[in-house]
Structures are given as structure tokens and as C-alpha cells.
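Undergrad: when you get a sec, could you give me coordinates for this:
(chains A and B)
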Amino acid sequence: MLEIKNLHAELEDGSKQILNGVNLSVPAGQVHAIMGPNGSGKSTLSYVLSGRDGYEVTEGSAKLEGQDLLDMEPEERAAAGLFLAFQYPVEIPGVGNLTFLRTALNAQRKARGEDELSSGEFLKIVREKAKTLNIDSDMLKRSVSVGFSGGEKKRNEILQMAMLEPRMCILDETDSGLDVDAMRLVAQGVNALRSPDRSFLVITHYQRLLDHIKPDVVHIMANGQIIKTGGPELALEVENSGYGDLLSEVG
Amino acid sequence: MADLATDAIEVREGVDRETVETVQNMGSYKYGWDTEIEMEYAPKGINEDIVRLISEKNEEPEWMLEWRLAAFRRWQTMTEPRWALLTYPEIDYQDQYYYARPKSMEVKPKSLDEVDPKLLATYEKLGIPLKEQMILAGVERGEDAGEERRVAVDAVFDSVSVGTTFKDELAKAGVIFCSISEAIREHPELVRKYLGSVVPQSDNFFATLNSAVFSDGSFVYVPPGVKCPMELSTYFRINAENTGQFERTLIICDKGAYVSYLEGCTAPKRDIAQLHAAVVEIVILEDAEVKYSTVQNWFPGDEEGKGGIYNFVTKRADCREARAKVMWTQVETGSAITWKYPSCILRGDDLSGEFYSIAIANNMQQADTGTKMIHLGKNSRSRIVSKGISAGKAQNTYRGLVTMHPRATNSRNYTQCDSLLIGDQCGAHTVPYIEVKNNSSRVEHEATTSKVDDDQLFYCRARGVGEEEAVALVVNGFCRDVLQALPMEFAMEAQSLVAISLEGSVG
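TA: Next up is the predicted model:
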């Protein structure tokens, strides 16, 4: 599904190299977790993959189902099936949550040459999916993320993911700022979307999210590289003894 | 030569290459084509003879001519105001035409069936229905909306009104809706009583000029207790080159009556700026209510600031008696220069005045616009919501006056003024004037300035929304309070206009 080879990236102004040769392969249907200390380049990896301005890829490649992601505009990557659940979802005052969802969904469908959904069809689907995420109709009407609590913002990201039905989902510290109940809801939402033709890349600091979303593979990232890859037990190891040992191992 | 921008270019005699290229470069303005039609012009320039000629063309009574001449004499003693935050070359008032009418309008058509097909085709292309069975372009019938929404239209082409729809049906309700030139002939008692009673002849340089040379416009009278059975609208089209449009609109809403009025404007792409100086007067009596909505989309000039309409407009509503209500809503996306302050005189007691505005300035456009809320009577409420959007190298100024006179006790005003900047070469300015002369009134003013945020755009794009659509989405969100105040007929048009006006403003 996602193939990242020797990816190097720096800040656009050239002041800092952040990714130093990331190699990562996520097969279809799998959930991979990336853990790592602050500043290891986890969030940058998600931004570079989704096409945010401000970074310059200097070497390497990233392919989604064989398509070169790095050549595409952010909206083209989205239409190709990439989804980034933001660590800090952005507020868009005055734009209703439903309007936003419908605009996004129809933009993607149009880009793929599919028909736009009628408002009736759209409403039916969105209400169904919102219900399972405990999102009420009031939240659907409010402006995108404006006045949402931390938990509401993250649930809303998952709702967008459920509506857009991406092939490759990146969750950037989706657990940050969530209490236990909210985390469980979010995890349930993600688990409901797991399928053989959809993959996940879960970026997190903590093991606790991985108790709810069980990864197939865990990667440890440091200094802009994947320094170790293993099974779910690797996350537990980090939880128990921190990153110190792992870092000195590769040191 | 229907559409210069898209068709193969065939250079006409007298049109230089540069002009053609300029026009070609004017990408996104979709009303920029012109109608090739035989026109009749008054001689260039302005003098008493021209004023007499316009009066004569309109077959006006003597009193009207005297009124015009008085205005013209006054105007000659006045100087153009320069206090607005606008920079433009000096206007040569002798170097333009003050009257232009299609030859085919020489004999006034008795009905729309007799109107020159070329004119009808022009409005059809603009999406303006001049046949009563048509509805406004862009208006979808709601899935379960029982009644079709109908809009009566007065179509003004350069200096003359081409025709007015639904006149008979409106007349059954007692509503008079016709061109002002017809009203001067057919309803002189109403026109004499109210013309110039809200915007006096001497009001300001541009209003005085208009008083002397206005050629057409719309007239509305809604009798006591009548709720006008449909929306009324006037569609202004400037077509002729080098010609100013000076229209005059007079709306009288009698006791307990109600009317909603829409105004739209477009003009072809020309590389020489054109003058538009209009006056709108609204008289609102006891318990009556008027909603006046404008979508102004005059040609804004090209990216370098060449051409475009200079729009100097005086609009004022006079709430003369108790419990009268007025609501101005404007979406200003066009014009190279906008100088416009739709105002409310709140003369009676317990009145309500509202002003909602979206002003978009892109490329080299300059807008200096706002309102005046003049509280004279007791217990009145006024509300101002202004959304200014600047992009490219544009300058956008909100200028507003709120005044509470000594007698205007227990009155309130709330003003909210938000500016949005796109890019780093444009400017937003807010110039509020507030005068409170009694102790019991309250005035609130809130102002914000923000930029279209890269994070917002990236968020939209990461969800699959293209960059320009993302800007439109964010800007429409910013304008939502005002868009919601628009009648349905205009809200959708306005939304897409917001998107079109900002094309090319990012990236």
C-alpha cells in the first residue's frame, strides 16, 4: 500500500534536515505504529506524505499503491486515498461541519471521475456514521472544529475518515489531549474501519492507544530514521524503559 | 464578437493589439462580453444643453427639467470629494457620454414582445429572466418548495429601461413598479413629493451630478398595508463605451407595507475606466419594512488596474415614521473604485436599521465603503456587520458613521467589522466615526483583522478540496453572517461570485 524509500526532507529554508532516510513499507490491511521521542520527525513524516508546504524533499520516494505521492498536490493525494488525521484539527469559522464534509467528499469523487452525492444520500450516510462516533446533529451543524472540545475534534477527524473512505490513513498523535473514554470512542471508530484493503499508520507517543488499536508492526523513529522495527511487544518495551536504551543500542 | 476572452480574436479596425491582449488577460470576469447594437448617443460632455436633451428624450414635464437644471448649476460650483482612501486619475467629465440608448428603443416598446431581440438576448445571456415564466438563473427549486419564487425585473441598458416584468400582476396588488422615466410621466405627484427628499440635490458632488443627468432607473411604490407579492429587482447593464451610467432609483414603502428589492450590475471589459454615479432613495413610513440587496459586479479592471468601473454611489433610506424597518445588504465584488455608503436615517421612534456588507477587492481594486446610521428618534436599533476581503494589491476600507442625536434616547448600535487579508500586498482599513450626544444610548464597535491561514488551506486540501475552492470555502465562511441576510435568489449567486472574484488570489 505505502512504500517509503530512503526519504530525506528538510525545512524549505534549508535550515534543518528532519528526515534522514526513512524506509517504511505498510502492506494493505495492516496497522503500523510509529513511536519515537519528541523531535524525532514523526509529525514531519506525516506532513511530507500529505504534502504540506514548508518542507523540501531532497532524496527518496514515497508511493501509494504505486503512485508517486511526492509529485502530487495535497488534494490529489487525498483523492488518491491518503488521509491524515491531524494532531491539531484546524478551525474554519462560518463553514458548517456538514458543508465541509460534503465539499470534501464531492471534490474527491469529482477528482476520481465519480458522480457527486445528492444531499439526501449524503445526509443519510453521514448521520449513520456520526451516530456510531457519538456525534450529535448539533455538532454536525456547528462550524468546523470551532468551539469543539479536544475529544470532539478528534472524533470529528474520525468521522471525516469514515466518510472519505481512504485507502491509507495516517493518525498523527490522535490520542493527544484525549481522556480514556474519548480515546476508546476514537479507537472504536478506527477499528470499525479496519479492512483488508485499508492500511493505517498510527503515530503516537504512548502505548495506551495501541491497547485499543492493535498494531501489526511497531516502528521506532529517532533522528529522522526508523531505527527499529518489531511486533506489538516493542511498544511495551518503550513504555517500560523509555527510548534511552533503544537509542544507545543504535547509537 | 461575442466573447473576446474565449473566442478566436479578430482584430477590428481601430483596436490596437495591446487592447486585445489586455482584454484577453482579463481571465475570470464572466460578464465581460459586449452586445453589438446600434446606439444613439448624446454629444460628448456635459452642459445645460445635454441636461435639456436628456429631459427631452425622456419626455419629461417642465418641473423635472427645472429640477435637473438647478442641480446642474449647483454641481458646477462643487468639487469632487477626495477624502476617501482611493487613488485614481482625475476624471474628465467632458470626455464622456451622458446618454446612450439603443436605436431600437427610440420608439418605446409597448411590451416586452416588442423589445429588440438583441437586447433580450443580452439579458438572457446574463441569466436575467425577462419572460415571466422564467425564474432567475441559479435559483434551484427546493425539493419540497411548493411555490415557485418569482422575481419581477426592471432591466436597464446603458441610459434606458428596456422593460419591466410582472407589471400587471403587481398593479393588481396596487404596487407600482416601473422605470423612473415612466414614473415621472405617469405618477408625477408621487415623484414630485419624494424625489430628492432623502438625497437632496445638493447632497454631494456625485449625487448632484446624478440629479442633473440621471437617465433612468427604477421606481417602486407599495401602498399602505400591502406586502409586495414578489421580489422586485433591477438589473443594470453598462454596454456602451466611454459612457457613464447615472441611474436613479426611488422606492416608497407606505404605512405597514413591505417590499424586498434586489439590484444587480455588470459591464463589459473595457480598458478605459467608466463612470457610474447612481442615487437610490428609499422612503419608509410607519410600520413599513424594506429590504434592499445589491450584488454589485461591475467590471473590476484587469490585473494591472486598467479599465473598470468607477462606482460612486449614494444610497440612503429614510425611516420617517414609527416602527419602520430597513435592511441593506450588499455584496460588492466588482468595480475598480467603489465609493458607497448605504445609509439609514432613523427619524421616527422605535425603528430598526441594518447594514450587512461583503466587500471584496482583488488585484488593483479599491473599495471605500460602509454605512451611516443616523439616530434621530427614540428607542431605535441599528446593526452593522461588515466583512471586507482584500487580495492581490487591493485596498479595502470600511468607513462608517454612527451618530446618536440628543433626542435619540435609549437607542443602540452594534457594529462588527471584520477584515480578511489574502496575501501580503493588500491592505484593510477601518475608519469608524462615532458620535453619541445623549446618556442613555449604547454604541458597540468590534473590529478584527485576520489572514487566510495557511493551516486552514492545507487542512481543506488534505481533505481533497482544491486550493481555489478552499479559499472560497474559507472566505464564504468568513462572510456567512452576511450571506445569510441575503434573499435566497441572491445568496447562491453571491457565494459563487465570492469564489470567482478571488480566482488567482493564491498560489
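Undergrad: which non-adjacent residue is nearest residue 42?
TA: Defaulting to chain A. residue A:203 (4.8 Å; CB to CB, 6 or more residues apart in numbering or on different chains). In this view, the C-beta of every residue, glycine as well, is placed from N, C-alpha and C.
Undergrad: not quite, go with chain B.
TA: Excluding the flanking residues, the one nearest residue B:42 by CB to CB, 6+ apart is residue B:99, at 3.7 Å.
Undergrad: for that neighbour, grab the count of nearby residues.
TA: Residue B:99 has 25 neighbours, counted by other CB atoms under 10 Å in any protein chain shown.
Undergrad: what's opposite the residue nearest to residue A:42 in the beta bridge?
TA: Judged by DSSP bridges, the bridge partners of residue A:203 are residue A:34, residue A:172.
Undergrad: next up, the contacts around it.
TA: Residue A:203 sits next to A:33-35, A:42-43, A:45-46, A:170-173 when contact means CB atoms under 8 Å, 6 or more residues apart in numbering or on different chains.
Undergrad: of all these, which comes closest to residue B:325?
TA: Of all the contacts of residue A:203, residue A:172 has the smallest distance to residue B:325: 50.9 Å, by CB to CB.
Undergrad: ok, residue B:266 to chain A distance?
TA: Remark: distance between residue B:266 and chain A (CB to the nearest CB, to the nearest Å) = 27 Å.
Undergrad: run a quick neighbour tally on the residue of chain B found nearest chain A.
TA: Across chain B, no residue is closer to chain A than residue B:477, which sits at 3.1 Å (CB to the nearest CB). Using other CB under 10 Å, residue B:477 has 21 neighbouring residues.
Undergrad: which residue, other than its chain neighbours, is closest to whichever residue of the stretch 1-150 of chain A sits closest to chain B?
TA: Closest residue of the stretch 1-150 of chain A to chain B, CB to the nearest CB: residue A:94 (3.1 Å). Closest residue to residue A:94 apart from its sequence neighbours, by CB to CB, 6+ apart: residue B:477 at 3.1 Å.
Undergrad: and what of residue A:68?
TA: Excluding the flanking residues, the one nearest residue A:68 by CB to CB, 6+ apart is residue A:61, at 6.6 Å.
Undergrad: for that neighbour, which three-state class applies?
TA: At residue A:61 the chain is in strand, as set by DSSP: H, G, I helix; E, B strand; the rest coil.
Undergrad: residues contacting it?
TA: With contacts taken as CB under 8 Å, 6+ apart, residue A:61 has the following neighbours: A:3-7, A:68, A:70.
Undergrad: same deal with residue B:226?
TA: Going by CB under 8 Å, 6+ apart, the list of residues near residue B:226 reads B:173-175, B:254, B:257-258.
Undergrad: low-confidence stretches in chain B?
TA: B:1-28, B:129-149, B:267-268, B:489, B:504-507 (pLDDT under 70).
Undergrad: show me what residue A:217 bridges to in the sheet.
TA: residue A:32.
Undergrad: can you give me the strands for the stretch 151-251 of chain A?
TA: A:168-172, A:199-203, A:217-222, A:225-230 (DSSP state E, counting those that start in this stretch).
Undergrad: pretty sure the residue nearest to residue A:94 contacts residue A:91?
TA: No: taking contacts as CB atoms under 8 Å, residue B:477 lies outside contact range of residue A:91: 9.9 Å.
Undergrad: could I get the contacts of residue A:203 as a markdown table with pLDDT and distance to residue B:72?
TA: Below are those laid out as a markdown table (pLDDT from 0 to 100; distance: CB to CB, whole Å):
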| residue | pLDDT | distance to residue B:72 |
| --- | --- | --- |
| A:33 | 95 | 81 |
| A:34 | 95 | 78 |
| A:35 | 93 | 82 |
| A:42 | 92 | 75 |
| A:43 | 91 | 70 |
| A:45 | 95 | 73 |
| A:46 | 95 | 69 |
| A:170 | 96 | 71 |
| A:171 | 95 | 73 |
| A:172 | 94 | 69 |
| A:173 | 90 | 72 |
